[in-house]
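Asker: no sequence for this one, just the structure:
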């Protein structure tokens with residue numbers, strides 16, 4: 001014989017209390033890093049021409065890289081890139097916000113020098129915390145007993161420590177789970193007498209099975225480039241865009257850029273490597289909304305990404321060509337420094353001295 005179920009009637013205020021308890025204990029919705037940024041990140045007026053809500057769609061090539069950084073199954077992400085692709089916001093600041101708010105952890109941010117670390121903290125990190133409501137209340141900036149300083153930020157479940165690669169003391173402190181190493185090609189060969197700063201920082205992750213290492217840089221000299229070495233050992237993924245005419249996916253390379261060297265103000269075009277049809281920047285950048293990264297070494301453990309400025313939504317192809325023409329003229333006059341900077345910052349590639 002079935003037992004009759006008894007219904008317990010709760011007073012309205014009791015039912016409301018239970019509902020609040022369930023809501024508090026309910027796990028947060030699953031968000032990728034790019035989804036977190038699109039939902040919560042605010043851009044500050046000091047650092048953006050378009051302050052306000054972050055939109056990953058404004059630079060589609062950032063999405064897959066950010067989501068790789070936020071993927072708990074990926075231990076290392078390497079980004080070798082040109083200068084104007086939004087890498088500090090997308091690959092350093094957004095991960096900081098994500099790990100502060102959504103997946104708390106002890107974090108180390110390493111800049112080339114202590115001075116650059118202080119500048120990053122004051123000019124980039126502090127405005128993001130101030131203008132992003134989900135982060136603002138997590139950092140106590142008022143109490144002198146909070147332990148928060150320019151180079152150290154405590155939050156529930158973790159902390160951010162900012163160090164310079166030239167400081168051995170800053171690299172020998174407490175364990176960290178997340179390492180964000182910025183502009184590694186500008187690090188000194190040794191942190192004082194202690195050895196390679198990147199290796200020293202990575203040793204602090206040994207107690208975490210789910211550690212995360214993000215290595216970001218514009219490359220400098222071939223044969224002396226930390227970022228190129230890391231990239232070569234990774235999946236080596238290039239951003240590919242479909243041709244506006246035939247749909248063939250291909251990386252945007254300098255060799256296929258079409259321009260008149262005698263008319264720096266003229267239109268800059270790009271020729272499809274398959275069908276040969278030439279289209280302007282607008283059509284190719286519209287097509288980039290359907291872009292994707294293609295790996296050359298898919299079996300590698302670390303995800304590695306390369307970006308040049310042709311993919312960037314933050315500068316025009318005409319600007320890139322104008323800089324090239326100036327650098328080429330300097331090179332023809334016997335001064336290679338301008339071309340070296342152009343190769344590093346526009347192509348996102350290492351500079352190889354002629355004859356080497």
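Answerer: Alright, I've got the coordinates. Here the structure is a predicted model, which means the values were calculated and not measured.
Asker: How many residues are close by residue 327?
Answerer: Close neighbours of residue 327, defined as other Cβ atoms under 10 Å, add up to 20. All C-beta spots, glycine's among them, are computed from the backbone N, C-alpha and C.
Asker: who's in contact with it?
Answerer: Residue 327 is in contact with 338, 339, 341, 342, counting by Cβ atoms under 8 Å, 6 or more residues apart in numbering.
Asker: isn't there a helix covering the second one?
Answerer: Yes. Residue 339 forms part of a helix when assessed by DSSP: H, G, I helix; E, B strand; the rest coil.
Asker: what helix or strand does residue 62 sit in?
Answerer: helix 61-70 (DSSP states H and E).
Asker: What distance do you get for residue 226 to residue 75?
Answerer: 18 Å (Cβ to Cβ, to the nearest Å).
Asker: my bad, should have said residue 59
Answerer: 25 Å.
Asker: Need the three-state assignment for the most centrally placed residue in the chain.
Answerer: Taking Cα atoms, centre = their mean as the criterion, residue 91 is the residue nearest the geometric centre of the chain, at 1.6 Å. Classification of residue 91 using three-state DSSP returns helix.
Asker: Residue 68 is in contact with that one, correct?
Answerer: No. Distance between residue 91 and residue 68: 9.8 Å, which falls outside the contact criterion (Cβ atoms under 8 Å).
Asker: Of the contacts of residue 327 - the most surrounded one?
Answerer: Going through the contacts of residue 327 with other Cβ under 10 Å as the criterion, the one with the most neighbours is residue 342, at 22 neighbours.
Asker: Give me the nearest residue to residue 347, chain neighbours excluded.
Answerer: Across the structure, with Cβ to Cβ, 6 or more residues apart in numbering as the measure, the residue nearest residue 347 apart from its sequence neighbours is residue 308 (4.9 Å).
Asker: can you give me the helices in this protein?
Answerer: Assigned helices in the chain, in chain order: 12-25, 33-40, 61-70, 87-88, 94-101, 114-120, 126-131, 133-136, 197-203, 226-232, 281-287, 317-332, 337-342 (criterion: DSSP state H).
Asker: which residues touch stretch 57-73?
Answerer: Where contact means Cβ under 8 Å, 6+ apart, the residues beyond stretch 57-73 that reach it are 32-34, 36-37, 56, 74, 77, 79, 85-86, 90-91, 94-95, 98, 103, 210, 212, 214, 239, 288-289, 291-293, 303, 305, 307, 311-314.
Asker: Now, the residues you listed that are in strands?
Answerer: 77, 79, 212, 214, 239, 292, 293, 303, 305, 307 (DSSP state E).
Asker: what number of residues lie near residue 53?
Answerer: Counted with other Cβ under 10 Å, residue 53 comes out at 12.
Asker: re the thing from before, burial count for the residue nearest to residue 347?
Answerer: 23.
Asker: Same question for residue 198.
Answerer: Using other Cβ under 10 Å, residue 198 has 20 other residues around it.
Asker: So for it, what's the pLDDT?
Answerer: Each residue has a pLDDT score; the one for residue 198 is 94.
Asker: tell me the contacts of it?
Answerer: Contact partners of residue 198, counting by Cβ under 8 Å, 6+ apart, are 110, 165, 181, 184, 187, 215, 226.
Asker: closest to residue 147 among those residues?
Answerer: The shortest distance between residue 147 and any of these, using Cβ to Cβ, involves residue 110 and amounts to 20.3 Å.
Asker: pretty sure the closest one is touching residue 179, no?
Answerer: Yes. Distance between residue 110 and residue 179: 7.0 Å, which falls inside the contact criterion (Cβ under 8 Å).
Asker: which ones are touching residue 340?
Answerer: Counting by Cβ under 8 Å, 6+ apart, residue 340 touches residue 351.
Asker: From residue 222, how far off is it?
Answerer: According to Cβ to Cβ, residue 340 and residue 222 sit 11 Å apart.
Asker: what sits in contact with each of the two?
Answerer: By the contact definition Cβ under 8 Å, 6+ apart, residue 340 and residue 222 are jointly contacted by residue 351.
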